[in-house]
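Mind looking at a prediction? Sequence and model below.
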Amino acid sequence: MKFPLKTLVALTLFPAIAWAQPAEIVHDAEYYVLERQHAETWATDDAAVDARLAELREANGGAPPNILYILIDDIGFGEIGTPYLNYVCGYETPNINDFAEDGLRLMRMYTEPSCTLTRVAFMTGRQPYRLGMAKTSVAMDGFGMAAEEITLAEVLKAEGYNTSHVGKWHIGDISESFPHNQGFDYAAFPVHQQAQLALFSRDSHEANQTIGLDYTQFDDKWVLDRSFRPVPGTMVTGLEAVTGGSAKEVDLQPGEEWTQAKYLEMNERYQRQALEQLDALVAQDEPFFLQYWPLLPLTFTRPDVSQFTSPNGGFQTESMQKVDAWIGDILERLEESGKADNTIVIIMGDNGNFTKYAPYSGYSPMIYRGGKGDATEGGVRVDAFIRWPAAIEADSYVGDMIHVADLFTTLARIAGGLDHLPTDRVIDGVDQTSMLLLGEGKGRRDHVFIYQSFKLAALVKEHFKLDLSSAGSNLVVAPFYDLLRDQGEKYPVATPVGAWAASPIERILERHMAWKKRYPDLPAAVDTPYSGIDNLRPETVAMREEWLTWKRQIGAYE
């Protein structure tokens, strides 16, 4: 029998340790370096964590905690959760600020550089390049997350949870990638994202956010290619579905134009549905997982703002204040249900802000440089807060490094579902339950590999960061940054750090690449776009046929 490395280490060096985490889970190579050094301490901590989880479950009548996960789009570090940073930027998020004070502030939360990637990492515990999902799509593409991936929703379903998803999904436009086919009992979601829904519109063109996209009025006498300019109304917009069934489009009639007003109606509908799903899940009196991913605050026009409510006056800060009020309504409803004490609530951003639209959107980078799409800290460092009144001390902080993929493994453990995690692939998510329950200094991560699409762009190790985009063959002279002294990544300390760190970092990179060779990256699933939707509009069918025609010409489809 061939044992994974983790099992061999445990059997050879520490035969008496009873591991709380199944030995069969495969992590990235660097995890085992830390495990070898800290195995005895981790085993002691795991025993304490197991005892605490057992106490919590017994106090809750044998049931695991409920989980409410709210992921906000394009919100960089410092933009929510901190009153004095709100103050100097001229807007307010009081409900999220109060929530942050009631719980634990994860001060060093890393995500992926853009929205699809972070959502994939959370759902699977795997960095997106491993499953072919490292591209952020803005239109019809015919690919998505494969059915073979194991999602957190599926893990929780196996442990008896009822599951619902409301809001942005953006993990594929094919049937097998839709949330109701990835572990959710109920799902209300748009197929695409805010480019189609809020940017590709007449309103956005008139607001000068997009140039040359006024597909209804531009002079087209020299236009030959009728498929060049996107027409958002021909794409599928909002879907609703239940597990085992087909999806149905719900918010657009044949021939109807998609507008900013329709986008705002969609957002308001998702807020109502999030509250409805919370009520329905609570009424079943069984463990639940509710995932709410708002589309706002990301928007690109101001027609819905009749009176600005903040000194900032940016169109996205106005939307953020609306989202903050909505989140306050959800938290209030949870409190009224009597389930708040034993519900884990996480509120966080998915990546840095959309700096292309800063500062007139209302946002601009704060402490860290860069934003959405960047490998700089401003692209992948976000605000993240977690509240679990029964278990986590209020108004607390941890500076331990954590990656969004860690939430997958951590929540699986808390729910008692580690046995449902796959063992034939790398799980990048590290179990951070000890950090949540035992406090700062109990984290199990000291590094993050930052990919831009399928390319390794940076490595963070402790508080040092290596920019790999211009590293060449000599890491000694590659740009290193000390993130404690240089949060903006403006002053590389290449030689002073590289003189001693280049060799250890080279070994880290070698181990990482060797592990990728041992566990090869997989492609995304490919299928006909909009498969599994049973009421496609005629214009959508025509657009898809045009897309399929050229795909067939290059041999991509039979």
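Arrived safely. Numbering: from 1, shown residues only.

what residues are up against residue 27?
Going by C-beta atoms under 8 Å, 6 or more residues apart in numbering, residue 27 touches 6, 426-428, 430. Any C-beta I mention is one placed from the backbone N, CA and C, and that applies to glycine too.

Pick the one among the residues you listed closest to residue 227.
residue 428 (38.0 Å; C-beta to C-beta).

ok but that closest one is inside a strand, no?
No - assessed with DSSP: H, G, I helix; E, B strand; the rest coil, residue 428 is coil; it does not lie in a strand.

count of neighbours near residue 539?
16 (other C-beta atoms under 10 Å).

Averaged pLDDT, the host helix or strand of it. What do you get?
Following DSSP states H and E, one finds residue 539 within helix 538-553. For helix 538-553, mean pLDDT rounds to 92.

can you start the count at 51 instead of 1 from here on
I'll keep to 51 as the first residue from here, and by that count the last item is helix 588-603.

Flag every buried residue along it.
589-590, 593-594, 597-598 (16 or more other C-beta atoms under 10 Å).

One more: stretch 426-433?
426-433.

residues in contact with it?
125-132, 150, 158-163, 398-403, 405, 415, 418-424, 498, 500, 508, 515, 533, 537, 539.

Any idea how far the host helix or strand of residue 396 is from the middle of the chain?
Element membership for residue 396, per DSSP H and E: strand 393-399. Taking the mean of its C-alpha atoms, strand 393-399 sits 12 Å from the chain's own mean (C-alpha atoms, centre = their mean, to the nearest Å).

strand partners of that strand, parallel vs antiparallel please.
strand 116-122 (parallel), strand 434-437 (antiparallel) (DSSP bridges).

what's in contact with that strand?
115-127, 129-131, 146, 149-150, 153, 156, 159, 161, 377, 381, 384, 432-438, 454, 457, 461, 464.

and the closest residue in space to residue 343 that isn't next to it in sequence, how many residues sit next to it?
In space, and not counting its chain neighbours, residue 343 is closest to residue 217: 3.8 Å by C-beta to C-beta, 6 or more residues apart in numbering. Residues contacting residue 217 under the criterion other C-beta under 10 Å number 24.

ok, residue 189 - contacts?
242, 245-246, 280, 285.

again, only this time at 7 Å
242, 246, 280, 285 (C-beta atoms under 7 Å, 6 or more residues apart in numbering).

for the record, mean pLDDT for stretch 386-404?
pLDDT averaged over stretch 386-404 gives 96.

can you give me the end-to-end distance of it?
End-to-end distance for stretch 386-404, by C-alpha to C-alpha, to the nearest Å: 36 Å.

Can you give the distance of it from its chain's centre?
13 Å.

Low-confidence stretches in the chain?
51-73, 264-269, 353-355, 521-523, 607-608 (pLDDT under 70).

make it 80
Counting by pLDDT under 80, the ranges of the chain that qualify are 51-73, 256, 258, 261-273, 276, 352-358, 520-524, 605-608.

Let me have the contacts of residue 77 in CSV, extended by distance to residue 205.
Shown next, in CSV, are these (distance: C-beta to C-beta, whole Å):
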residue, distance to residue 205
56, 20
476, 16
477, 11
478, 15
480, 16
